[in-house]
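K.L.:
Sequence and predicted structure below; questions after.
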Amino acid sequence: MSYTRPKFRHPELIKNKLGYTVDYYEGALSTLCAGCGHDSISAGIIQACYELSIEPHRLAKLSGIGCSSKSPAYVLSNSHGFNSVHGRMPSVATGANLANKDLIYLGVSGDGDTASIGMGQFVHVIRRNLNMLYIVMNNGCYGLTKGQDSATADQGSKNKTGNINLFEAIDLASLSLELGATFVAQSFSGDKTQLVPLIKAGLKHPGFAFINVISPCVTFNNNVGSTKSYDFVREHIAATSTIDFVPEMTEITAKYDEGTTKKVKMHDGSFISLNKLSQDWDPLDRLSAVTAIHNARAKNEILTGLLYVNPDCNDLHQMLRTCDKPLNTLLKSDLCPGASMLNEINADLR
Amino acid sequence: MSYTRPKFRHPELIKNKLGYTVDYYEGALSTLCAGCGHDSISAGIIQACYELSIEPHRLAKLSGIGCSSKSPAYVLSNSHGFNSVHGRMPSVATGANLANKDLIYLGVSGDGDTASIGMGQFVHVIRRNLNMLYIVMNNGCYGLTKGQDSATADQGSKNKTGNINLFEAIDLASLSLELGATFVAQSFSGDKTQLVPLIKAGLKHPGFAFINVISPCVTFNNNVGSTKSYDFVREHIAATSTIDFVPEMTEITAKYDEGTTKKVKMHDGSFISLNKLSQDWDPLDRLSAVTAIHNARAKNEILTGLLYVNPDCNDLHQMLRTCDKPLNTLLKSDLCPGASMLNEINADLR
Amino acid sequence: MSLIENKVNDFVVRFANVNGTGSASANFLFTKAIFRMGIPVTPKNIFPSNIQGLPTWYEVRISEKGYLGRREGIDFVVSVNPQSMLNDVQSVKAGGYFLYDSSKKLHDQYIRQDINYIGIPLMLMCNEAYTDPRQRQLFKNIVYVGALAALFEIEFDVLEELLGEQFKGKEKLIPANVKALKLGADYIYANFKYPLDIRVERRNLIGNSIMIDGNSACGLGAVYAGATVAAWYPITPSTSVVEAYNAYAEEFRVNKITGKKNFAIIQAEDELSAIGMVIGASWNGARSFTASSGPGLSLMNELLGLAYFAEIPTVLIDVQRTGPSTGMPTRTQQSDILEAAYASHGDTKHVLLFPSNPKECFDLTVDAFDLAEYLQTPVIMLTDLDLGMNDHISEPFEWDDKREYNRGKILDAAALDNIVKFGRYLDVDNDGIAYRTYPGTHPTKGSFFTRGTSRDEYATYSEDSGAYKRNVDRLIKKWNTAKDIVPAPQVYQDKNKSEYGILFFGTSQCSAEEAIDLLNQKKIIVDAIRIKSFPFNKTVQDFIDSHEKVFVIEQNRDAQMKSLLLIELVANHQKLISVLNYDGMPITAENIFNQITNQILSLKSSPLKEEANGKKNKQNSITN
Amino acid sequence: MSLIENKVNDFVVRFANVNGTGSASANFLFTKAIFRMGIPVTPKNIFPSNIQGLPTWYEVRISEKGYLGRREGIDFVVSVNPQSMLNDVQSVKAGGYFLYDSSKKLHDQYIRQDINYIGIPLMLMCNEAYTDPRQRQLFKNIVYVGALAALFEIEFDVLEELLGEQFKGKEKLIPANVKALKLGADYIYANFKYPLDIRVERRNLIGNSIMIDGNSACGLGAVYAGATVAAWYPITPSTSVVEAYNAYAEEFRVNKITGKKNFAIIQAEDELSAIGMVIGASWNGARSFTASSGPGLSLMNELLGLAYFAEIPTVLIDVQRTGPSTGMPTRTQQSDILEAAYASHGDTKHVLLFPSNPKECFDLTVDAFDLAEYLQTPVIMLTDLDLGMNDHISEPFEWDDKREYNRGKILDAAALDNIVKFGRYLDVDNDGIAYRTYPGTHPTKGSFFTRGTSRDEYATYSEDSGAYKRNVDRLIKKWNTAKDIVPAPQVYQDKNKSEYGILFFGTSQCSAEEAIDLLNQKKIIVDAIRIKSFPFNKTVQDFIDSHEKVFVIEQNRDAQMKSLLLIELVANHQKLISVLNYDGMPITAENIFNQITNQILSLKSSPLKEEANGKKNKQNSITN
Ligand SMILES: Cc1ncc(C[n+]2csc(CCOP(=O)(O)OP(=O)(O)O)c2C)c(N)n1
Ligand SMILES: Cc1ncc(C[n+]2csc(CCOP(=O)(O)OP(=O)(O)O)c2C)c(N)n1
Ligand code: SF4
Ligand code: SF4
Ligand SMILES: [Mg+2]
Ligand SMILES: [Mg+2]
């Protein structure tokens, strides 16, 4: 259904607007386990950046610690990257963004990195509506430390060592909605058709965009009894709609017929097109999205797709009223009040 | 309406089941500012413990750092207290509770202590359904560090220095609902009639009970333009229902007539009685509570009362299947496998 | 009956107030007036960790000789707090004065025979003169200032001038204040002998000095240094650093037309987040900083280690308070030194700066950014509550418009084009400092992956032992480079004059200098050095090497600076003798003098047992 | 063509595997078989920070003499990882052996003239023998063990016995494994000369020793110590501590009928929470602990300060890894010492324990609880990845059933009834340790408010300088009390035999002891001391005082233990000479030997310049 798939299958043939083929967007060779969901998401990131004709060096990749947090190294080798410490990517991303509003910020995290040690920073980066795309590669476990349950593991889910999780899962999508995130999506590493347009839309969203991607850990949490295994997720997935991201100035083709399609216009003129919306749910209405997730959860379904978007939000820079130039480009002449002003200050202090 | 009021007015006259008058439940003299909302909440705690005939030494008071976190010193001087560090009361309370399941745990925190630095621990103590009552004395600011906005300050709210808050507030009640808290209430320090039965019900709840109490800071956030001032709160409060907490084995009087009253039975035989429920909301249904809060927020109302309760939940000890005796009473004979077992272990390691 | 003599411009006044009753501005008026009269003066706020209702004191030392450290021995108490009155009465020196509100009769328990009482019916006077209850409360404070003006001969013109400045724009408030001053003065004129033996006399000893607190100076320094991103979390006594930065930036960095700001301040959710933001912003090429105190520093440990190992400039201003843990959050101490120096797990060392006065707060804040960016490492400025939150007389701030920001070794797009292969961790200049690039610089060159894990010279992840070792050895090379770059210590003599040296830093300066004079008066000559930075310059080693005994003055229990000296230089316990004060109050000259003379006496009394003695001294310093 | 002689029971085998391919159990089988043959053997895992697909090595040293430290110089490489093959070929000593999978022809680049090649077509053999792809993969590992058995003369009975134990309950898996062993052995018998010059011969050198990793021993120790609450956050290399505690507790502490548990384990959301839980549980009278590594320790700084100042027993097991920051998380180091000793802001000092082997991991874990509760303070056990995650030969565990838990000074209800006024911080016994009560003890007596702020002897909040000082001075008294209580160092000689001493701790033990023998062989006699705890016992000072030079062996860059010695004892840079290793690999005897002999040579070569030299050495240790 998605127009991305053909491109994805033969990416090397076609050049994007900048003249780059998709391999230009690749990174170092992955050292993750063969079959790890995270690698599929990385492929989705590569594809999305390629399709959006992003200049890699104008994007900064940030992460915490974990298998998932390693993956920024496996995409976009011409981007600067920052693999920080466990759970603190949001703060580092916030600082980076404040310093230079002109870059695109991509944060990659894991469910341990975000829902456990990083919970406080996650909550507050949402609250500040930082202009970034924040992807959680959610496998319900701690891959890098060998498979302990994470806080997104479902109650009763069993991991490879046979351990049954006792606690209710933290639902990151609905939590971020509760916290006022201005773009909330959910997807599955195995569904590139859905994932790539979501990533594109997230990268273009002018505030905090969150995508919770279920990403099975083949080594520690892909067994029978796990609710984050490939099989379980495939069986329980419920897509809200098919999604396309249509860049700015793209001619609207006939296939987006009204009625079954909802178009969400982004601030730069691009738009998101959602097909086959469920009846009682409006992706522009927060409460309706909350209810939709709750209802799906009650039915034991994982709702995927773009759950909520507020395309007209103010990001942190707008709220703080920072100047138009990136702060890191300001010069002494812009910043330093100078000697004579200091003498006046001295005078006032006598 | 509440049966607590008369007692509250002349507390010194009447002895409770244990033979104590209310002053037995008092603590050290408060050093908070005259008129601080926190002191009213402390009075409510004293009253509730007195009415429930709690033995003070069987209750442990814990807190973080802040004006609010000082207040455990001002109640129950025969209880052990622990004024820990900023934002970490939940973990200390968790450890304490694990050590001795037989005490009652009362945690007191501030909005800074909980919604900023303590957010991670708050989220996770909820997830573990620790058997405790967690009260946030919520003044929308950092009292002890002189009035900076906290994360619960409403967007657009003005504090004493004239600063307008830029960010959306974190709504602790609805957040805790989202996170699966099994008892969620909201109240106002100025409304002791409502507060005392809520505290009593919270103390009796067999899992994590959360009460978010709006508690104006007279010194830094009680000005015109603040949405946490006494005046503003009084004007925007919307009570869901009047609430009574009826202890175990109390005869049910006629006034709890069915129809307008909902009775929630607690595990020990006591019950909570709620009068005048709003139509479309059931305190036993989480989603309905979420919706009620969202709707109230949209109307600029602060919904108070008991918002949600799940009286049949499993607390952390039940989930972990710890033994019936408090862990801190176990003896070497219960704990140490002994020398001969060690020899067997050695043998296995050869 | 006064026992005190020759007290012109040399006495201590202590105001005993209640927290939150508006006494602060009246007390400051008193101090500032003396300052304006050209007389050296230091005020110290002694306040509780509480917002309203508890005792708070304001101690003012007036010193013709310019001794600006705290002094024990109160000559005059202004008592307006019944709660602390018993203590306050006791705190007066024999022969001193006790001013109190005589609206009610003084209870017998407050009566001492050896001091003078000055009763003024403050409450009654104010109730009579004002109707508004808030005014009645507030003007009590101004009334006592008026009374003090009469008693000490503070020039009334000066007070009026100051009120004029204070109420600029709200001039109609002035008369009521002046009236209150007069009420107080007139009451003295009518009822007491005036002036007292302790009194002030106009001088010209201030020069062009200014009066300001250290935190404001840090905030101003950050504005001058070109810092654009501040991230912080409130904590006493550091809060006013970012508040000052904010105020100055709002003044100088906002576009008058658009209202847009050349800076961004974030109140973070905690200190972990604050330092994370600083690291992110610095990584991305903005000058960025945070300010905090002990508990915040503790929380920053992990991220400081990241900044050290990933080599990110990181400026942290730690305004120290009394620890450990929450300790006494409104008292001063110099006790975060060891933690700051070696913060974080693994082998780490951090550059430290130790300002002693507001001018240095300003200068060293600016230097901190240059150093952090040049060395690509955290720089922690260790100031303290005493310096940060009290007003101090200071040399005026200076700025050379020719001074450029030293942004360190950065490759821009052009430079990258001229390089064959960029190696983020290549030690090109053999000084341990490699070149870095900002994100977004060049489409195909200069990008690299920053991480807290080991890597090779080209920033490629590596678990190779050799690569790891080369990297951490380079960090030590950088550390050695830093030794010549960090601010040099102040050495007080061109040539040594004594076998004894004293070594101090930060807010011990005033009392240490006064102690030197006291020692001189006893014919004990000492050389002196004041440390401004860590790692230590070679000068510090030279100073230690060239003295028999070096007294190390610090305001903590565990002799933390001495520990650094022992670790990083060639020194030993026999030579370094600790002079410590750690009760939360600023160290006094008398305390230093006593400790040093006692030590010298005990050294002299047993010259043959010097070695053994050294050991004993050391044991003392460890067990004290 | 072998250049290696006399290699019976004295060689090093290195297995080069791919992470996640199931080689671990085959390699352990090899090691355990040698152990069972009564021959001292040490394995070391060298694995990447990654789950699957990257190179991983398993190094086994076999040493008739019982030298159980790592040794450089690989005699035999088992190469089953094409990725690392080039390096692996290079790593073989001249004259050594290289076993590889000859299913494909070896490329020229892997050919060296000075080593012996043993090609076995592992893949082809397994493809032929097994059909299941997973088996084909797994049994390759068993096949090479079989081949090694033939080459080294490992007793087949022993291997079979071990397989029998391993597959107890799943006996039907045994034949396939035995078949694989035989396949490998038979291939050798058919194609190569066997046994090799390097080979094993049954001995009786193991006695009743056991083989276990340090983390398991810690976990078991915590069970024996009566710990009931464990709170932790996963981090390499500490994860298996709580996993082992869990496994043993599930075995020994679960009621067989009800299934209820005499313990509680919480996987916390992070390390701040983990240590907070430990503090809460300990405050409430349960023995509680956490385990972590460097980054976790850094995050615990603030709460460790709380535990110090609020005087809460707190047991933390820090399994050190290579720092700073994320560093090399799967490599070993002893580099959290300084941070652990003085963790947190303010004046703080913590009790440290340094186990050297699994038996000590067990014993010191038990001691840690007694010490923490008796001293009411944090006790940090510093072990490391090498000790924690590798199997070691160790004395068997011992437990005296008469040993009681020392819960420290606690007042129960009866005791409280006999007291007039309970003072939580009263130094009743004049040892700095006051009496505490658990919550819930008594209706009207013994309750108090625990806090991280200053207070008086009766736990009443106080900002009084005197009360503050009395309190922190008492903490130092407690610290001095601790010096006599903490485990004493191991002194290797009854009487000193040399002017040289060597001082070491933790996992440097094996290599240090071997180095002593190497030095002896060169006629260099040294005395030795092994430190087990901090604060230092008097014995440590005596050892330093009674030697001219003391070589301090440690596995970190910054000479952190030496720093503690310099701060806490009377010592100096001239006397303490660092022997350091910090590249992430366990220190070797040869390395120690070389560093010490070089130092001694340089000392001897310029006997007159000793003082200057001492200074120079010190500079080296600082700049290295
Ligand atoms: C402060 C700290 N604590 C613990 C660790 C160890 N650690 C590394 S990754 C990780 C969890 C990773 O889980 P997640 O974020 O879900 O990533 P995944 O590996 O599952 O993709 C942990 C606990 C660490 N690096 N730092
Ligand atoms: C780690 C740490 N950071 C900062 C502080 C300073 N601090 C003390 S109380 C407080 C905020 C208190 O706010 P809140 O919890 O809302 O309590 P309130 O005083 O408003 O009742 C802060 C930031 C601290 N004590 N510890
Ligand atoms: S352990 Fe799991 S999460 Fe990590 S790389 Fe392997 S499959 Fe992916
Ligand atoms: S500052 Fe505010 S919160 Fe603190 S005691 Fe005063 S009124 Fe209460
Ligand atoms: Mg995960
Ligand atoms: Mg608050």
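P.N.:
Ah, there it is. Numbering: from 1, shown residues only, chains lettered A, B, ... in the order given. Ligands and ions are numbered 1, 2, ... in the order given.

K.L.:
Look up the closest residue to C:G164, ignoring the ones flanking it.
P.N.:
Spatially, and ignoring its direct neighbours in sequence, C:G164 is nearest to C:I174 (6.4 Å; Cβ to Cβ, 6 or more residues apart in numbering or on different chains). For glycine as for every other residue, the C-beta is placed from the backbone atoms N, C-alpha and C.

K.L.:
C:P396 too?
P.N.:
Once flanking residues are discounted, C:P396 sits nearest to A:N346: 4.1 Å by Cβ to Cβ, 6+ apart.

K.L.:
Which residue ranges of the stretch 201-350 of chain A form strands?
P.N.:
Assigned by DSSP state E, counting those that start in this stretch, the strands in the stretch 201-350 of chain A fall at A:208-214, A:237-239, A:242-246, A:261-265, A:271-275, A:302-309.

K.L.:
ok, now the stretch 51-200 of chain A?
P.N.:
Under DSSP E, counting those that start in this stretch, the stretch 51-200 of chain A gives strands at A:59-63, A:80-83, A:104-110, A:132-138, A:141-142, A:148-149, A:183-188.

K.L.:
ok and the fourth one relative to strand A:59-63, angle-wise?
P.N.:
Read it as strand A:132-138. If you take axes from the mean of the first three to the mean of the last three Cα atoms, to 10 degrees, strand A:132-138 sits at 40 degrees to strand A:59-63.

K.L.:
Return the list of helices and strands in contact with strand A:132-138.
P.N.:
Other helices and strands packing on strand A:132-138, by 3 or more Cβ pairs under 8 Å, 6 or more residues apart in numbering or on different chains; DSSP states H and E, are helix A:37-51, helix A:67-70, helix A:89-99, strand A:104-110, helix A:111-115, helix A:119-127, helix A:192-204, strand A:208-214.

K.L.:
what does the third one give?
P.N.:
The criterion is 3+ Cβ pairs under 8 Å, 6+ apart, and the helices and strands that strand A:104-110 contacts are strand A:59-63, helix A:67-70, helix A:89-99, strand A:132-138.

K.L.:
Which among the ones you listed is found nearest to B:D171?
P.N.:
When the helices and strands packed on strand A:104-110 are compared by Cβ to Cβ, helix A:89-99 sits nearest B:D171, at 20.1 Å.

K.L.:
right, is that closest one up against chain C?
P.N.:
Yes: counting by Cβ under 8 Å from any Cβ of the partner chain, chain C has neighbours in helix A:89-99: A:P90, A:S91, A:V92, A:A93, A:T94, A:G95, A:A96, A:N97, A:L98, A:A99.

K.L.:
Below-threshold pLDDT in the chain: ranges please.
P.N.:
By default, I'm working from chain A. Counting by pLDDT under 70, chain A shows low-confidence ranges at A:1-12, A:249-259.

K.L.:
try again with chain C
P.N.:
C:1-6, C:606-624.

K.L.:
Excluding chain neighbours, give the residue nearest to the one residue sitting closest to the centre of it in space.
P.N.:
Central residue of chain C (Cα atoms, centre = their mean): C:L387, 2.4 Å from the mean position. Closest residue in space to C:L387, ignoring its immediate chain neighbours: C:G214 at 3.8 Å, by Cβ to Cβ, 6+ apart.

K.L.:
Could you check how far the one you found is from C:T332?
P.N.:
Distance of C:G214 to C:T332, given as Cβ to Cβ, to the nearest Å: 11 Å.

K.L.:
A:L198 reaches A:F188, doesn't it?
P.N.:
No: here A:L198 does not reach A:F188: they are 10.6 Å apart, not a contact under Cβ atoms under 8 Å.

K.L.:
Using the three-state scheme, assign the residue in the stretch 501-624 of chain C positioned nearest to ligand 4.
P.N.:
Residue nearest to ligand 4 within the stretch 501-624 of chain C: C:G584 (22.3 Å; Cβ to the nearest ligand atom). Put simply, C:G584 is coil when judged by DSSP: H, G, I helix; E, B strand; the rest coil.

K.L.:
Next up, the contacts around the residue nearest to it when sequence neighbours are not counted.
P.N.:
Using Cβ to Cβ, 6+ apart and skipping the chain neighbours, the partner closest in space to C:G584 is C:R331 (3.1 Å). Taking Cβ atoms under 8 Å, 6 or more residues apart in numbering or on different chains, we find C:R331 in contact with C:I46, C:R321, C:T322, C:L385, C:G584, C:M585, D:E463, D:S465, D:Y468.

K.L.:
again, only using 10 Å
P.N.:
Contacts for C:R331 (Cβ atoms under 10 Å, 6 or more residues apart in numbering or on different chains) come out as C:46-49, C:237, C:321-323, C:384-386, C:582-586, D:454, D:463, D:465, D:468.

K.L.:
Take the residues you listed and keep only those in helices.
P.N.:
C:L385, C:D386, D:S465, D:Y468 (DSSP state H).

K.L.:
could you redo these as CSV and give each row distance to D:G22?
P.N.:
Below are the ones in helices among the contacts of C:R331 laid out as CSV (distance: Cβ to Cβ, whole Å):
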residue, distance to D:G22
C:L385, 60
C:D386, 63
D:S465, 65
D:Y468, 60
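
K.L.:
quick check, nearest of these to ligand 3?
P.N.:
When the ones in helices among the contacts of C:R331 are compared against ligand 3 (criterion: Cβ to the nearest ligand atom), the nearest one is C:L385, at 47.4 Å.

K.L.:
What about C:V420, how many residues nearby?
P.N.:
Using other Cβ atoms under 10 Å in any protein chain shown, the number of residues around C:V420 comes to 6.

K.L.:
and if you look at A:A60?
P.N.:
28.

K.L.:
Could you identify which of the helices and strands packed on strand A:132-138 is most buried?
P.N.:
For the helices and strands packed on strand A:132-138, the largest average neighbour count (mean count of other Cβ atoms under 10 Å in any protein chain shown) is found in helix A:111-115, namely a mean of 32.

K.L.:
Quickly check: that helix near chain D or not.
P.N.:
Yes: counting by Cβ under 10 Å from any Cβ of the partner chain, contacts between helix A:111-115 and chain D involve A:G112, A:A115.

K.L.:
Dump that helix to PDB, keeping only the CA atoms.
P.N.:
The C-alpha coordinates for helix A:111-115 follow below in PDB (Å, rounded to 0.1, in the frame of the first residue of the first chain):
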ATOM      1  CA  ASP A 111      12.600   0.700  26.800                       C
ATOM      2  CA  GLY A 112      15.100   0.300  29.600                       C
ATOM      3  CA  ASP A 113      16.800   3.500  28.700                       C
ATOM      4  CA  THR A 114      13.500   5.400  28.600                       C
ATOM      5  CA  ALA A 115      11.000   3.700  30.800                       C
END
